[in-house]
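Asker: Next input, structure requested:
(chains A and B)
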Amino acid sequence: MLDPITYIKEQLAQREISIELHRFKKIVTHVGLNRYEFQAYNELLFLTNAERLPIGTRIISDTNIVEIGPEHAFSEGLEEFSGLVVIVIPAHVTDYPVIEFIQILI
Amino acid sequence: MAFIRYNILRFQVESSGQTIHINHKIPAYLKRCTGFLVKHTKGLRSDKYLSEIGWLNLQFNNLKENAIAAVVACPALDEVDDKYDFQALEITLKSGALVSGIYTDTTPITSFSPYSISVYFKCSALEKSTINTDPKPSVNPSQEYADSFYQEDKLC
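Answerer: This next block holds a predicted model:
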């Protein structure tokens, strides 16, 4: 079982990035709003609950773009985002998710 | 032996809105990357200049240096696109390190057809520290050799 914090620390140590702070960041989505935009400049966001997001959810950032598919239900990998981040929830969903990241300030 | 080497990264965009994840190795003998050029090279022709067909983000040295964020344009059908203006970079390349990133197509679905993108990396096989910038002439013949190639790099 992958421990996200250990993975992130080892990954950033390999990339010689020092961590100023790491904490959790939640984006709570609501009925009637399908697009969420926020800034993550000089920080890294690791998505931790991809398996609970509706299929078709798109997370677009300057450094990575992910569309949630059936494969994410079985994947332990952590997707990383940075820069301007846009989350688009598919129009047909009934349960609006909470999107959870580990936020690393660098 | 030429001082400047060009390394080319090519990929094909097959569908509108496609995201391509890039993992590319620059040969280990190349020590520095001093410029880059992104060009639309095949497919997708339009009567008018398209100022944005996608955008590219690249990180060098195994995700250590986020160096390129570029919007890619597509010239018009009758436009002679013979400009080769490399944008400056100053990256010391780690041997065998990956260039990673994403390309995202932003072409409107109505005007999309498959196309290719080429990213040209202008590289040098000499490390910066080996270049003698001392104005006094060197007595070492091998050092003069390196200097002359450095001049070539500056002129290009």
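
Asker: Let's see the pLDDT reported for residue B:146.
Answerer: Looking at residue B:146, its pLDDT reads 43.

Asker: er, residue A:68 actually
Answerer: For residue A:68, the pLDDT comes out at 93.

Asker: Quick check, it in contact with residue A:54.
Answerer: Yes: using C-beta atoms under 8 Å, residue A:68 is in contact with residue A:54, at 6.9 Å. For every residue, glycine as well, the C-beta is placed using N, CA and C.

Asker: higher neighbour count, those two?
Answerer: Looking at residue A:68 and residue A:54 with other C-beta atoms under 10 Å in any protein chain shown, you find the greater number of neighbours at residue A:68, namely 22 against 15.

Asker: any idea how far residue B:125 is from residue A:49?
Answerer: 46 Å (C-beta to C-beta, to the nearest Å).

Asker: Show me which strand runs longest in chain A.
Answerer: Longest strand in chain A, counting residues (DSSP state E): strand A:35-47.

Asker: Need the contact partners of that strand.
Answerer: Outside strand A:35-47, the residues that touch it by C-beta atoms under 8 Å, 6 or more residues apart in numbering or on different chains are A:4, A:8, A:12, A:17, A:25, A:27, A:29, A:59, A:61, A:66, A:78-89, A:99-106.

Asker: now swap in stretch B:98-113 and tell me
Answerer: Taking C-beta under 8 Å, 6+ apart as the rule, stretch B:98-113 contacts A:60, A:63-65, B:9, B:11, B:13, B:15-26, B:43-46, B:50, B:52-63, B:68, B:72, B:117, B:121.

Asker: Which residue lies closest in space to the residue of chain A found nearest chain B, excluding its sequence neighbours?
Answerer: The nearest approach of chain A to chain B comes at residue A:65, 4.4 Å away (C-beta to the nearest C-beta). Nearest residue to residue A:65, sequence neighbours excluded (C-beta to C-beta, 6 or more residues apart in numbering or on different chains): residue B:19, at 4.4 Å.
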